[in-house]
Each structure stands twice: as structure tokens, then as C-alpha cells.
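**Student:** sequence first, predicted model second:
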Amino acid sequence: MTHGVAQASRAGDLRRRAVGLLTGAGERLLRAWRRIVAAWQRSIQLRVVTATLALSVVVVSLLGMTLLRQVTDGLLSQQRDTALAETTAGIRIAQNQLDAADEAGSTASNLLTRQIVRDLTFRGGAEGNANRPAVLLFRDNTPTYSRDVEPSSVPQQLRDATLDKNSVFWTYTLITYDSEQEPERAAEPGLAAGGQIRTPTGEQYGLYYLFPLTEQEQTLDLVRTALATAGLVLVLLLGAIAGLVTRQVVTPVRLAAQIAERFSAGRLSERMVVKNHDDIGRLAISFNQMAGNLQRQIGQLEELSRVQQQFVSDVSHELRTPLTTVRMAADVLHESREGFDDPVVRRSAELLQAQLDRFESLLADLLEISRFDAGAAVLNAEPVDVRDIVHAVTEAAAPLAASRGTDVSIEMPSTPCVAEVDARRIERVLRNLVVNAIEHGEGRGVQVRVAADDDAVAMAVRDHGVGLKPGESSLVFHRFWRADPARARSTGGTGLGLAIALEDARLHGGWLQAWGEPGGGSLFRLTLPRSDSGDLRASPISLIPDDATGSGLDSVGGPYRRTGPVPAEPTEAGRRA
Amino acid sequence: MKGRVLIVDDDTALAEMLGIVLRNEGYEPTVVIRGDEVLPVFREFKPDLVLLDLMLPGKDGIDVCKEIRAESGVPIVMLTAKSDTVDIVVGLESGADDYVVKPFKPKELVARVRARLRRTDDPKPEMLAVGDLAIDVAGHSVKRDGTAIPLTPLEFDLLACLARRPWQVFTREELLEKVWGYRHAADTRLVNVHVQRLRSKVELDPERPEVVVTVRGVGYKAGPA
């Protein structure tokens, strides 16, 4: 039992390993292929060399084939002329001999034909001469021939062509040798030529010569090898030349690319070396001009930003000192207002005090906004449980809520919702949202909700006040925007609170969005990525509350997302159960 | 008379206003408007507390702060118009005990001043020990092997606060409340900077503190961890 189990498990193990090996091999192949594709896409040089190689292979083979054909034609036409002359002469001799035999009255015997063949064969050259043609004399279909060749070497087409004609015909053929006589000799290319001989008695003979083309074949082989070698060398040389030439072009281009990369990485003083005034030189000159312009522009912008920051800092200091004095003086007056007999003076002291508060917060907000505008705002992010911030904010807002008769309820998970945020900024955003909700909530309840998922934490503040008209959900974030200019400013807001809150959210890479419907109240949702470098895709809280009537659907605050893809909202999937 | 306060600020209107407010509260203020005139007046006036603006003509407020600290442990409260720059840390490191950011409310300033002068209230005789340090609370002295270690009043308060409850880990917020007198959360850099300053005086090896120990993620406590 255990044995069987062990075997089964071993078999399974083997299978697993085999599958592993296979997939491993497949992966290796895939990786190699990807590497090749990547190199192909990356390197101009590789592409140019490959293209040159391919094209030169085509060109060289065309050229070689043409050359080979011409050489072949030249070689063979010479041989053909000789062969035809030989054949014509042979036919004449044979004709004479046959005519003579005819006149003598004796019909042509096998002896005679053999004699003729032997004579003609000897005419062709000494025995052992490789170029000596073979001679075949057909009487009807019976051949008389030199012993060593197969009569079938004379193609039937040639014999058909010469039939009943007086001229000499020729064709190329393959000379096969008698396997008994010449077992060593392989078939070789040859030229077959021949014509008809007609005796006065009306007998028809076909005389055919087979000229071996071994010598020509050898010459052609030599030429072919030479051409192939030359062609190969030529192709390789062309490839190498293409490589060298593209290298000459690509190297400066690569250098330029490197310098451009370094430049775009922020090393603004990088410049290309101008060696000469060719195309690369022109590229270098115009790149350097562009780089110079960019560097100057960036320098100017940096200077502008620095000046702006300095200005903000100076204004801050210069305004704050007299403001402190005014503030203290007003406080002294306010403290002793009971001692003033004149109610006008008393009221003036109170107004002075109250408006100084507003002035102060306005100044603080303006300075904060200009710090954002100057890009001087710095995020001091550290891991914070946002529930603590919510508690702190709602506690701080409790007196205001009590004075408005508003009940502020909190709904949050019992587990920590930790995110890397700047606690000071998030507290400011939330305070703003909660105070706004209480002030615009018309005494109806305000709900603060906290939720978190793996990527994000969200805080939503819901009120049931006058709400927002369609389109207003984006306007609320504009600086100094008022819902209803005619409405009395009952509260001391600066009109910058939500604009600052939006900037704070952006600084975190988060979203601050508003939803509202007329009479249905509004909801402000702050979504923050859990980690500093995180990217938001969706919020754990739906922007549209469950009790929405739907009349404000079009006012979902889309434009206030900082970057990244638009989350799939509003959808049911986006809602939390 | 609750105490003498030296006001150092180049803005005469603000300096005068500060004088008015402090006099109303029962302090005896004197005003200096140039940085290079501070030290002579300081030696003659012997203030119980210095309100110091950091931007001064004649001599930089930071330098003035260091000079005062070199010869006295008198409480120094900085007046600063820059809330989020390194100036505050630089000021604290050069010896200031606390700071207020302009524009401040008079009550806020008075609370700061009062907190820094509070310690003059009649203390009960009390002897504490941390490590090899002997702390005489009533006598305001800290001794190691009979040798006195000079501490500023704030540093002394900080050490005494920790030494009274050597078993307890104090968060920075608790220390801000107990030592600086802040009711609600304030700048915890105050605590960090002053713990560093205290260590540089009482520790044998400030790199490996044994008297004031950091409890990571929580705060500080007295004695070995």
C-alpha cells in the first residue's frame, strides 16, 4: 500500500518535473525570441545589416546565375559546332559507304554497319580519349554502336525529330554506359546529334553521335564553385560594409540619444560635441540650441518660482508683524470694552476683534494658496490612522455643531485605517469639510464616513442642507466661489477653504470630489492612496449616497481627479455594500 | 510684580504693544530694538524671561539667543513670523525654550510666558535619582558624583518630569503638556530638540543615552530601558 503510494507519488513527481522541464524549455525559447525581437526593434544597425545581407544574396545569386548561363552557353556552343560538323561529316561518310554497298548490289549487312560504326568511331579520336564520341547507327530500330554506351542514351525525341528529314538535329542528353562493359563509369551529360541516311534502295538508317561533355562539365563545376565562393565572400563583405557604414551613422546617433536621455533626466548642462558640419553635426548644433533654450527657460521658471516664494515669505513676515500689533491692540480694547460708556465704541471693539479673526484666517489662506501656486508646498507624509484625524476634527467641531443644533455622527471601521498622509493637511481638509457641512446642513444631521480598501482610504462628509445645483459640484472648489452671492455670509469662511483642500488632496495624489443635488444635500469625498507612491483607481466609498434621488447624477465631480484612469464610477460596483 | 521680561523686537509698535499687554498682566517689561544692544541690557536688567524676535538689526536673533544661553539659563521664547521653515528648529537648537508664531493672540503669548515662569512657584523639597544622577528639585540642581551639571530651567523641568515617574513612558504630547504647558497638541519638534540638548549635558555618551531613553514609536522615559 505504502509502496504503491510512494510509486504513484514518484510518478507524479516525474510528470511534474517533465512538465516543468518542458515549460522551462518553452520559456527559454520564448525568452530568446523576445530577446531577438527586442534587439531587432532596438538596433538600426542590425536591421540595416540584415536587409543588406538579404538584398545582396538576391542580387549576387541573380548575377551568378546569369554569368553561369553565359559561360555555359559559350562553352557548349563551341562544342556544339564541332559536334555538328563531325556529325555532318560522319553522315556523309556513312552515306557514301552505304551508297557504295548498294551499287555493289549487296544489301547492307550487319557487318557493314559495324564497319561503318567502327570507322566513324576511330575518326573521332584515339581509344582512351575521353572526348571521343560514341557512334550509333540505327537500322530500323536495331542499333549498331560502340560497345560501351547504352543505345537508350539517344533520346527518342531526337530520333523522332530526324525521321524523314535531311538535316542534322541535336539535343543534350545523359549518356549512360553499359554496366557490364564499364561498371565504373557513371552516367554523364552529353550532346546527342544525328541525322537520317537514305540508301537508294530506300532503306533508312539513323546515325547518331554522343559527345560526352565531361570536360565542359568539369569546367562549369569549376566556374560554379568559383562564382559561389566569390558570391559568398561578396555578400559577407557587403554585410560587413553595411555594418561599418551604419555604425558610422548609428554611433553618433546613439551618443546623441544618450545625451538627450541625460538631458531629459535633468542634467540640463549636457551638450553634444560638434565635430564637423555634416548631418550629425547639424543635429548636434540644433540639439544644443534646443537644450540651451530649454535650460534658459527652466532656469527662468525656477528663478520665477524662487522669487515668488521669497515674495510670499517676505509678505508673510512684513504683514504679520503689524498684524500682530493690531491684533493685540484690538484684544486689549476688546477685553476692556465693558469699561466703555459709549455702546458705539463697545460695538466697534467687538467688530474690530471679529473682523481681525477673519482677516487673519484670510491672510493665512492666501499665503497657503500662494505657497501651492509657487510649488513650495511640501508633503510631510507619515503613516497615520485617519480615524484619529476624524475623531480630532469632529471633537473640535463639536461646539460649532452644538451651536447649530446639528448632530454629527461617525461611521468607521473598527480596524485601523492607516495611510501615509500629512496629518496636518488632512486634518485641515476634514475640518473644512465638516465645518462646511455643519454650516450648510441647516441643522439636519451630518454623517462622516471612513472606509478603506487595500489601496486607498476614503473619508466622506454628508450633509442634508440645500445641496448643490447641477454643475456646482465643480464650482465649489474655485477660489472665492459662493453658492449664492445674494445670500448673507453668515459664516466667516474665507472662500479659499475648499480650494486649499483640493490642493492638499492633490499633493497627496488623492481625489477630492463633490456630489450634491438641489434640496438633497451634498457629499464631499476625500480619497487618498494608502502609500505615498500609490495610484488611485477607485474609492472605497461611493460618491453618490444611497439616499440620492438621482436628480444630481450629472454633477459627479469628475475634473478633480489628479491623474490616472477615471474610475468606473458611478456604478453599482463602486458602491460599498 | 510677577517677573521681569526683556522684549527684543525691531518693530517698535509691536514691542510697545507687547509691553502694554505684559504690563497689564503684571509683568515688568523692558524693550530692546537692536540685536547688538541686547547683551548689555540683559546683564543690567537681569530679566526672568526673554521674548526674542529672530530678525533683528545689528545682530541676528539666533546669535543673540546663543549669547544669552552662554551666560544664563533664563527662559527664551522666540517670536517668529515663519511657521514652516527651518528657522524654528534652528532657534530651538540655539537655545530657545519655546516659540510663538506671529500673528499670535495676546492670551496665547501670556500663556507661553506664564508657563515658562510658572516654575518659580514655591517647590516642595524633593530628591530624585536617575541612573547616577541626583536631582534636587527644590535646589534646582543636578549632580553626578557630587559634580553639578548646569541645566536651564526648562531642561531641569524636563528631566524632573521624566525622573518622577521612571516607570512611565511619556509621549511627546504628554511632555508638551507637562513641561511646556500646552493644552492641546503642538509642535513635537520642541520635545525632540530639547531632549537632544538635555542629553548633550547629562549623558556620558549622548549617542547611547542612558538617562533619557527613546522608546521607539512612543516617546521617552527616564533610566535604562
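**Tutor:** That came through, no problem. Numbers count the residues shown, from 1 in each chain, chains lettered A, B, ... in the order given.

**Student:** which non-adjacent residue is nearest the spatially most central residue of chain B?
**Tutor:** Note on chain B: the residue nearest the mean C-alpha position is B:Asp97, at 2.4 Å, using Cα atoms, centre = their mean. Of all residues not flanking B:Asp97 in the chain, B:Leu154 sits nearest, at 4.4 Å (Cβ to Cβ, 6 or more residues apart in numbering or on different chains). No exception for glycine: its C-beta is placed from N, CA and C like everyone else's.

**Student:** which elements pack onto the longest helix seen in chain A?
**Tutor:** With secondary structure taken from DSSP state H, chain A has its longest helix at helix A:44-103. When contacts are defined as 3 or more Cβ pairs under 8 Å, 6 or more residues apart in numbering or on different chains; DSSP states H and E, helix A:44-103 packs onto helix A:2-42, helix A:110-124, strand A:169-175, strand A:188-198, strand A:204-212, helix A:214-264.

**Student:** what angle sits between that helix and strand A:169-175?
**Tutor:** Per axes from the mean of the first three to the mean of the last three Cα atoms, to 10 degrees, the angle that helix A:44-103 makes with strand A:169-175 is 110 degrees.

**Student:** could you check how many residues crowd around A:Val315?
**Tutor:** When neighbours are defined as other Cβ atoms under 10 Å in any protein chain shown, A:Val315 has 14 of them.

**Student:** and if you look at A:Ser336?
**Tutor:** Taking other Cβ under 10 Å as the neighbour definition, A:Ser336 ends up with a count of 12.

**Student:** can you check A:Gln295 too?
**Tutor:** Using other Cβ under 10 Å, A:Gln295 is surrounded by 15 other residues.

**Student:** buried ones in stretch A:299-317?
**Tutor:** Of the residues in stretch A:299-317, those with enough neighbours to count as buried (16 or more other Cβ atoms under 10 Å in any protein chain shown) are A:308-309, A:312-313, A:316.

**Student:** oh, that last question was meant for stretch A:395-402, not what I typed.
**Tutor:** For stretch A:395-402, using 16+ other Cβ under 10 Å, the buried residues are A:397, A:401.

**Student:** would that stretch count as contacting chain B?
**Tutor:** No - using Cβ under 8 Å from any Cβ of the partner chain as the criterion, no contacts between stretch A:395-402 and chain B are found, and the smallest distance is 8.9 Å.

**Student:** CA atoms only: put that stretch into CSV for me.
**Tutor:** What follows is the C-alpha trace of stretch A:395-402 in CSV, where atoms were taken according to Å, rounded to 0.1, in the frame of the first residue of the first chain:
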residue,chain,number,x,y,z
GLU,A,395,-14.4,66.8,18.6
ALA,A,396,-13.0,70.2,17.6
ALA,A,397,-16.2,70.9,15.6
ALA,A,398,-18.5,69.8,18.4
PRO,A,399,-19.0,73.3,19.8
LEU,A,400,-20.0,74.6,16.4
ALA,A,401,-22.3,71.6,15.8
ALA,A,402,-23.9,72.2,19.2
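
**Student:** any low-confidence regions in chain A?
**Tutor:** Flagging of chain A using pLDDT under 70 yields the residue ranges A:1-12, A:14, A:19-22, A:103-109, A:125-131, A:147, A:182, A:483-492, A:550-577.

**Student:** what does it have sitting close to chain B?
**Tutor:** A:313, A:316-317, A:320-325, A:327-329, A:331-332, A:360.

**Student:** can I get the buried part of those residues as one PyMOL selection?
**Tutor:** Selection command for PyMOL covering only the buried members of those, criterion 16+ other Cβ under 10 Å:
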select buried, chain A and resi 313+316+320+321+323+324+325+327+328+329+331+332+360
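
**Student:** what ranges do the helices span in chain B?
**Tutor:** According to DSSP H, chain B carries its helices in the segments B:12-24, B:38-45, B:61-71, B:87-93, B:106-117, B:153-164, B:172-175, B:189-202.

**Student:** buried deepest among those, which one?
**Tutor:** Each of those was given a mean neighbour count from mean count of other Cβ atoms under 10 Å in any protein chain shown, and the largest, a mean of 22, is that of helix B:153-164.

**Student:** what residues does that one touch?
**Tutor:** Outside helix B:153-164, the residues within contact range by Cβ atoms under 8 Å, 6 or more residues apart in numbering or on different chains are B:73-75, B:97-98, B:116, B:119, B:128-130, B:133, B:135, B:137, B:140, B:142, B:151, B:170, B:175, B:178-179, B:194-195, B:197-198, B:201-202, B:211-212, B:220-222.

**Student:** between that helix and helix B:106-117, how big is the angle?
**Tutor:** For the pair helix B:153-164 and helix B:106-117, the angle between their directions (the same axes, to 10 degrees) equals 70 degrees.
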